[in-house]
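have a look at this fold, sequence not included:
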Ligand SMILES: NC(=O)c1ccc[n+]([C@@H]2O[C@H](COP(=O)([O-])OP(=O)(O)OC[C@H]3O[C@@H](n4cnc5c(N)ncnc54)[C@H](O)[C@@H]3O)[C@@H](O)[C@H]2O)c1
Ligand SMILES: O=C(O)C[C@H](O)C(=O)O
């Protein structure tokens, strides 16, 4: 474990601050006390994500875990002038300590793809990492919310559910595949196309996180997308293939890191607001679902103290989107089966 001295002095200064607070202020302090662990924290996503999490005032303890370089990353983050306490743990032998007692564990550990690869090709190598990590969570923080960023989401999340079931701690309201990047991209591309602020674009993205399983529902976009079929098809395709755009642009040096760090931070913030009992923004995520024949499916959700509070379901679809849904579900069913049977 790293940064012990830094942490002790931080804790000491925090006690001094608390001593002078009114009871109301103390109650408010107590409400912002979440422990978040990032597994894969020294990686391309893990580092910018951890930096963004440092700015979330609901997180009082940020725990970083990786196989390598944790000492440097945690020391670096511990100089950021926010009140968040940073701890670092390295190697498989410290994984259990890293996730112990966490309210939220975000998993970014694992390999990304290079040009010409599909996300599914990452399955074998990343499955082992997810199994190891989810087993550690099951034994040390069974009530934690788990957000899986590692690809292939479509297969690894159902597999993680099986691991949790075997440990008898599976709660479908607490396990998420992070698909927020698809929403972020949809907002950005539609915003750019119509020359409006992406923050004003509200568009549901459902399904999964790969190719045709990524289903931006442009018929329900607000403001309305008044464009011809060809233009809508081009926008949908760009959102579906946006990951490849980044993989090609990075020329063999990885996949999206900064935009997914932004997206995961936004998703984590919604989860923590839910834990805190605040009204949460609606965010899509890939979760266990009985809305289609695919038993994992991403739909817009809102969150509460126990994870998912409300699944807002599949939005109204036009005829083109209904056909796309059939193909997406058929594709997802295969990925889900592969994940379940692997365990
Ligand atoms: N969900 C999404 O929208 C989305 C977007 C982008 C990338 N991804 C996926 O996220 C994953 C990580 O991408 P990246 O660019 O950060 O990769 P990266 O290689 O830069 O970082 C991965 C980190 O995981 C660590 N790691 C590997 N095995 C580990 C283990 N057993 N325990 C702890 N740490 C371990 C590595 O040491 C490394 O630091 C990839 O699978 C990628 O495909 C998902
Ligand atoms: O495309 C990838 O492999 C990474 C990620 O899933 C993305 O959508 O950017």
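Sure, I can see it. Being a predicted model, the structure only gives us computed values, none of them experimental. Ligands and ions are numbered 1, 2, ... in the order given.

and the pLDDT at the most centrally placed residue in the chain?
Note on the chain: the residue nearest the mean C-alpha position is residue 178, at 3.5 Å, using Cα atoms, centre = their mean. pLDDT, residue 178: 99.

just checking, it touches residue 263?
Yes: with contact defined as Cβ atoms under 8 Å, residue 178 reaches residue 263; the gap is 7.0 Å. No exception for glycine: its C-beta is placed from N, CA and C like everyone else's.

need the residues of the stretch 151-300 of the chain near ligand 1, please.
151, 153, 178, 181, 209, 254-257, 260 (Cβ under 6 Å from any ligand atom).

close to ligand 2: what parts of the stretch 151-300 of the chain are there?
Residues of the stretch 151-300 of the chain that fall close to ligand 2, judged by Cβ under 6 Å from any ligand atom: 151, 181, 209, 243, 246-247, 255-256.

if we can go back for a sec, check contacts around the residue nearest to the centre of the chain.
Contacts for residue 178 (Cβ atoms under 8 Å, 6 or more residues apart in numbering) come out as 106, 147-149, 153, 260, 263-264, 267, 285-286.

how about residue 241?
Taking Cβ under 8 Å, 6+ apart as the test, what residue 241 contacts is residue 211.

which ones are touching the residue of the stretch 101-250 of the chain found nearest ligand 2?
Taking Cβ to the nearest ligand atom, ligand 2 has its nearest neighbour within the stretch 101-250 of the chain at residue 243, 2.3 Å off. Applying Cβ under 8 Å, 6+ apart to residue 243 gives the contacts 119, 255-256.

same check, this time on residue 100
Counted by Cβ under 8 Å, 6+ apart, residue 100 has contacts 140-141.

the same query, at a cut-off of 10 Å, please.
Residues in contact with residue 100 (Cβ atoms under 10 Å, 6 or more residues apart in numbering) are 35, 37, 63, 89, 136-137, 139-141, 144.

the closest residue in space to residue 236 that isn't next to it in sequence: neighbour count?
Sequence neighbours aside, residue 216 is the residue nearest to residue 236 in space, at 5.6 Å (criterion: Cβ to Cβ, 6 or more residues apart in numbering). Neighbours of residue 216 under the rule other Cβ atoms under 10 Å: 29.

beta partners for residue 216?
Listed beta-bridge partners, residue 216: residue 205 (assigned using DSSP bridges).

quick check: it touching residue 202?
No: counting by Cβ atoms under 10 Å, residue 216 does not reach residue 202; the two are 11.7 Å apart.

now list whatever residues contact both of those two.
Residues touching both residue 216 and residue 202 (Cβ under 10 Å, 6+ apart) are 183, 186-187, 190.

tell me which of these is nearest to ligand 1?
residue 183 (10.2 Å).

for whichever strand or helix holds the closest one, packing partners?
Under the criterion of DSSP states H and E, residue 183 resides in helix 180-193. When contacts are defined as 3 or more Cβ pairs under 10 Å, 6 or more residues apart in numbering; DSSP states H and E, helix 180-193 sits against strand 205-207, strand 214-216, helix 229-240, helix 242-249, helix 258-276, strand 283-288, strand 296-304.

in the longest one, which residues are buried?
Using 16 or more other Cβ atoms under 10 Å as the test for burial, helix 258-276 gives 259-276.

ok so, going back, which neighbours do residue 178 and residue 263 share?
45, 149, 283.

contacts only, for the second one.
With contact taken as Cβ under 10 Å, 6+ apart, residue 149 is in contact with 38-40, 43, 45-46, 49, 106-110, 156, 176-181, 209, 260-261, 263-264, 267.

what count of nearby residues applies to the single nearest residue of the stretch 1-150 of the chain relative to ligand 1?
Relative to ligand 1, the nearest point of the stretch 1-150 of the chain is residue 43 (2.0 Å; Cβ to the nearest ligand atom). Residues lying near residue 43 (other Cβ under 10 Å) number 26.

would you list the phi and psi of it?
Dihedral angles of residue 43 (phi, psi; degrees, to the nearest 10) stand at phi -90, psi -170.

what of residue 155?
Per-residue torsions, residue 155: phi -100, psi -40 (degrees, to the nearest 10).

same question for residue 107.
Per degrees, to the nearest 10, the backbone of residue 107 is at phi -110, psi 110.

and if you look at residue 106?
According to degrees, to the nearest 10, residue 106 has phi -110, psi 130.

that one: what's it in contact with?
36-41, 45-46, 49-50, 53, 145-150, 176, 178, 264-265, 267-268, 271.
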